[in-house]
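> What would the 3D arrangement of this be:
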Amino acid sequence: MRAVAPAILSALLLASCGVKKTRQSFSELEQEFIYTSLAFSPVSATSAGYHRHQGVNLDQQLDDFSAASRERQKKFYDDMRYGLHDAAEDQQLSPEDRADYDIIDNQIRLAQFELNDIQSYRHNPTIYVELIGNALFNPLALEYAPKPDRMRDIIARTEKIPAFIDQAKQNLSDSPDIWTNVAAEENQGNIGLLEHTIPDAMPQELRADFDRVAKPALISLRGFQDYLKNDLSKRNKADWRLGGNTYRQKFGLTSGTDLSPEDLLNAAQTELKQVRAQMLELTLPLHHKMYPAHSNHTELTPHDRENRIISEVLDRIAQRHATPDTYLDQAKRDLDEARAFVRSKNLLTLPARDNLKVIETPVFMRGIYAVGGFNPAPVLEPQLGAFYWVTPIPKNWPRERVESKLREYNFYHLKLLTIHEAMPGHYVQGEFTNDIQPKNRRVLRGIWGSGSYVEGWAVYAEQMMLDEGYLNNASELRLTFQKEMLRVLANAILDVSLHTQDMTDQQALDLMEKETFQETEEATAKLQRAKLSSCQLPTYFVGWRDWLRLRDTYQKTKGGQYSLHEFHDRALKEGALPLPVLTRLLNGKSPGEETSK
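Prediction:
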């Protein structure tokens, strides 16, 4: 899963952040949307490589969640939407500009929906905790300036933590238990950053300045820990479920698909049955080879027989796995192997930059990235590097939990994870985006691009690699991918059912463990993730489905001139557009031709 910047919910006290009263061109409005929106979230701005706005050093700021800030944002987005509408009426937008217009308009409506309806700042303490973590970690990891300057940025942000925590306490009215508990776990990671990681990296000449601000910051963070456990935990009536109407609105703004939530649920349930049938067909010869003394369980009902045979084969496959000490190194070896395969098959143009690092997932992000993730290079400074996160196995876990995770991310599944997150998945997709010109388009599509495009590409890349013969067409790898596809389908089913149909925890776990063969550790972590997020888990299925449809349409259009390499390069060079918009662009039609505004 690709890591995303913190929600851009907050605003700086900037002298001029409103849209000018005179009519502006679309390009002027696009630029104003990008950089004012980034200034609303200085922490996100650092991640994107945007460091100064109207004379303000964003790298030394934390986001502003005050009521006044929220009102400034609301006014900005209202004015911006009117300005964009006028510009679109005044100008004949090119297909590329029309695609950018669609992204901006959709993001404005999503921001307005968050500010006016969902209001995460009132209910979700994890947004504050993760924002602090990113605020401190990014200057440490991204070498956008000499180290002493970046350390001064950390000191400046550290000094602002007590006021930021006070603001969080003022805003939070209630929170479901799951959000409060995860916030407490992740906040412990922030305390660790300030107690150990940052002091170890701090130049000696700045240590006194850091110690001066770190002490009150740590007092504040520990106080927030107490607040979470003994105060907010008692105000736990808020529901993490969005409910049908709210979910439907958010889904429409985030999914980039022609499916309704109900259509998506039905499609995923149907596809799940088909994938299970394919798995049974593939496992029968493997089962006979692995368990020659076994029968084929013909005495069982068809569903139970399917479960038994597939489970027994998957159980044998899961026994081949790394150890907690070799887990990260195996991911690095898998990355090298996948890169060599992509190059040998000429599947696409590999990134020219050598800027990918494989590192442990930061502690403050492990609540939602329980397995791993990808953090793209800053879209304005791609040379600074991207990170493939692999979440280590805690040393204090009991043996059963360790074994469960290693079995889930076994020899074959870890290869698929590396394809998905890095090569040729999220990393390659992100590097194509970071080469888009002009710059404003690159930033827009890199930061606010379609999640279905991004996650769909990563799942599609897994299947495409196997279809092209990766790992010598090993049946074990294909079966592991089919299990992965069951997870993709379960993600969609879980998200819709949990948020709109009151699916219980046990029903969710049964779906994952009994119907899609996930290990208990994986299923438990996924249930937590489903409660921490909404409308993100379906993007894997939606995007995978639409990437395959896009390729089929493109191949028919090109006929004998079709090339897989050329298709990949052309589609990736556009950046993360909603896939229906991308389909129209690749077929030479304006996105506006088939969409009424």
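> So which bits of stretch 466-485 are buried?
466, 470-471, 476-485 (16 or more other CB atoms under 10 Å). Just so you know, the C-beta spots here come from the backbone N, C-alpha and C atoms, and that holds for glycine as well.
> how long is it end to end?
Between the opening and closing residues of stretch 466-485 lies a distance of 13 Å (CA to CA, to the nearest Å).
> repeat for stretch 559-576
Stretch 559-576 end-to-end distance (CA to CA) = 25 Å.
> Wait, residue 324 touches residue 392, no?
Yes: counting by CB atoms under 8 Å, residue 324 touches residue 392, with 7.2 Å between them.
> one step back: including secondary structure and distance to residue 349, could the buried residues of stretch 466-485 go into a markdown table?
Shown next, in a markdown table, are the buried residues of stretch 466-485 (DSSP: H, G, I helix; E, B strand; the rest coil; distance: CB to CB, whole Å):
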| residue | secondary structure | distance to residue 349 |
| --- | --- | --- |
| 466 | helix | 21 |
| 470 | helix | 18 |
| 471 | helix | 23 |
| 476 | helix | 30 |
| 477 | helix | 25 |
| 478 | helix | 27 |
| 479 | helix | 31 |
| 480 | helix | 28 |
| 481 | helix | 24 |
| 482 | helix | 29 |
| 483 | helix | 31 |
| 484 | helix | 26 |
| 485 | helix | 27 |
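> residues in contact with residue 319?
407, 410 (CB atoms under 8 Å, 6 or more residues apart in numbering).
> Give me the residue ranges of the stretch 351-500 of the chain where confidence is low.
By pLDDT under 70, the weakly predicted segments of the stretch 351-500 of the chain are 367-368.
> hey, where'd the strands end up in it?
356-360, 372-375, 386-390 (DSSP state E, counting those that start in this stretch).
> Give me the residues contacting the last one.
Contact with strand 386-390 is made by 3, 141, 327-328, 331, 335, 355-362, 365, 369, 372-377, 418, 421-422, 427, 430-431, as judged by CB under 8 Å, 6+ apart.
> burial count for residue 236?
When counting by other CB atoms under 10 Å, one arrives at 15 neighbours for residue 236.
> Then residue 320?
Neighbourhood size, residue 320 [other CB under 10 Å]: 12.
> go on, residue 52?
Other residues lying near residue 52 total 11 when counted by other CB under 10 Å.
> quick one: residue 269 and residue 487, what's the gap?
Taking CB to CB, to the nearest Å as the measure, residue 269 and residue 487 are separated by 14 Å.
> Between those two, which is the more surrounded one?
Taking other CB under 10 Å, residue 269 and residue 487 do not tie; residue 487 has more neighbours (23 against 14).
> If we ignore the residues flanking it in sequence, what's nearest that one?
residue 516 (5.8 Å; CB to CB, 6 or more residues apart in numbering).
> Find the least confident helix or strand in the protein, judged by mean pLDDT.
Least confident element among the helices and strands of the chain, by mean pLDDT, DSSP states H and E: strand 372-375 (a mean of 86).
> I'd like to know which elements that one is packed against.
Strand 372-375 is packed against strand 386-390, helix 411-421, helix 426-433, with contacts defined by 3 or more CB pairs under 8 Å, 6 or more residues apart in numbering; DSSP states H and E.
> Could you rerun that using 6 Å?
For strand 372-375, the packing partners by 3 or more CB pairs under 6 Å, 6 or more residues apart in numbering; DSSP states H and E come out as strand 386-390, helix 411-421.
> okay if I get those as TSV plus mean neighbour count and distance to residue 216?
As requested, the helices and strands packed on strand 372-375 are exported to TSV (neighbours: other CB atoms under 10 Å; distance: least, CB to CB, whole Å):
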stretch	mean neighbour count	distance to residue 216
strand 386-390	23	30
helix 411-421	25	38
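> Nearest to residue 445 among those would be which one?
Closest approach to residue 445 among the helices and strands packed on strand 372-375 is made by strand 386-390 (16.2 Å; CB to CB).
> What is the burial count for residue 336?
Residue 336 sits with 11 neighbouring residues when counted by other CB under 10 Å.
> who's in contact with the helix or strand where it lies?
Assigned by DSSP states H and E, residue 336 belongs to helix 327-345. For helix 327-345, contacts defined as CB atoms under 6 Å, 6 or more residues apart in numbering pick out 322, 358, 390, 414, 415, 418, 419, 422, 423, 424, 468, 470.
> Distance to residue 275 for those residues - can I get that in CSV?
CSV is the format used below for the contacts of helix 327-345 (distance: CB to CB, whole Å):
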residue, distance to residue 275
322, 26
358, 30
390, 27
414, 21
415, 19
418, 22
419, 18
422, 25
423, 25
424, 23
468, 20
470, 19
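> Okay, residue 140 and residue 147: tell me how far apart.
Distance from residue 140 to residue 147, by CB to CB: 9 Å.
> go on, residue 584?
47 Å.
> the more surrounded of these two?
Remark: of residue 584 and residue 147, residue 584 carries more neighbours, 21 against 14, as counted by other CB under 10 Å.
> secondary structure element for that one?
Element membership of residue 584, judged by DSSP H and E, is helix 579-586.
> List the contacts of that helix.
With contacts defined as CB under 6 Å, 6+ apart, helix 579-586 is touched by 95, 99, 102, 453, 546, 550, 554, 574, 591.
> swap in stretch 235-244?
Contacts with stretch 235-244, where a contact means CB under 6 Å, 6+ apart, come from 123, 174, 175, 176, 177, 178, 499, 500, 531, 534.
> same question, stretch 173-184
Contacts for stretch 173-184 (CB under 6 Å, 6+ apart): 122-126, 129, 228-229, 232-233, 235-238, 240, 367, 531.
> change it to 7 Å
Outside of stretch 173-184, the residues within contact range by CB atoms under 7 Å, 6 or more residues apart in numbering are 122-126, 129, 225, 228-229, 232-233, 235-240, 367, 528, 531-532.
> send the alpha carbons of that stretch over as CSV?
Extracted C-alpha coordinates of stretch 173-184, given in CSV (Å, rounded to 0.1, in the frame of the first residue of the first chain):
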residue,chain,number,x,y,z
SER,A,173,-14.8,15.5,21.3
ASP,A,174,-15.0,11.7,21.2
SER,A,175,-13.3,8.8,19.5
PRO,A,176,-14.0,5.1,19.0
ASP,A,177,-11.9,2.8,21.1
ILE,A,178,-9.9,1.5,18.1
TRP,A,179,-8.7,4.9,17.1
THR,A,180,-7.8,5.9,20.6
ASN,A,181,-5.9,2.7,21.2
VAL,A,182,-3.9,2.9,17.9
ALA,A,183,-3.2,6.6,18.6
ALA,A,184,-1.7,5.6,21.9
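> mean confidence for that stretch?
Mean pLDDT, stretch 173-184: 97.
> For it, which residues meet the burial criterion?
Buried-residue list, stretch 173-184, by 16+ other CB under 10 Å: 175, 176, 178, 179, 180, 181, 182, 183, 184.
> Past the longest helix along the chain, which element shows up next along the chain?
What stands out as the longest helix in the chain, according to DSSP state H, is helix 261-290. Using DSSP H and E, the helix or strand that follows helix 261-290 towards the C-terminus is helix 302-318.
> Can I get that next one as PDB, trimmed to CA atoms?
Presented in PDB, the C-alpha positions along helix 302-318 are these (Å, rounded to 0.1, in the frame of the first residue of the first chain):
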ATOM      1  CA  PRO A 302     -18.000 -29.100  -2.400                       C
ATOM      2  CA  HIS A 303     -17.300 -26.000  -0.300                       C
ATOM      3  CA  ASP A 304     -15.600 -27.800   2.500                       C
ATOM      4  CA  ARG A 305     -13.600 -29.900   0.000                       C
ATOM      5  CA  GLU A 306     -12.500 -26.700  -1.700                       C
ATOM      6  CA  ASN A 307     -11.400 -25.300   1.600                       C
ATOM      7  CA  ARG A 308      -9.600 -28.400   2.700                       C
ATOM      8  CA  ILE A 309      -7.500 -29.000  -0.400                       C
ATOM      9  CA  ILE A 310      -6.600 -25.300  -1.000                       C
ATOM     10  CA  SER A 311      -5.700 -24.900   2.700                       C
ATOM     11  CA  GLU A 312      -3.500 -27.900   2.800                       C
ATOM     12  CA  VAL A 313      -1.500 -26.800  -0.200                       C
ATOM     13  CA  LEU A 314      -1.300 -23.200   1.100                       C
ATOM     14  CA  ASP A 315      -0.100 -24.600   4.400                       C
ATOM     15  CA  ARG A 316       2.800 -26.400   2.800                       C
ATOM     16  CA  ILE A 317       3.700 -23.300   0.700                       C
ATOM     17  CA  ALA A 318       3.600 -21.200   3.900                       C
END
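> Nothing else from me, thank you.
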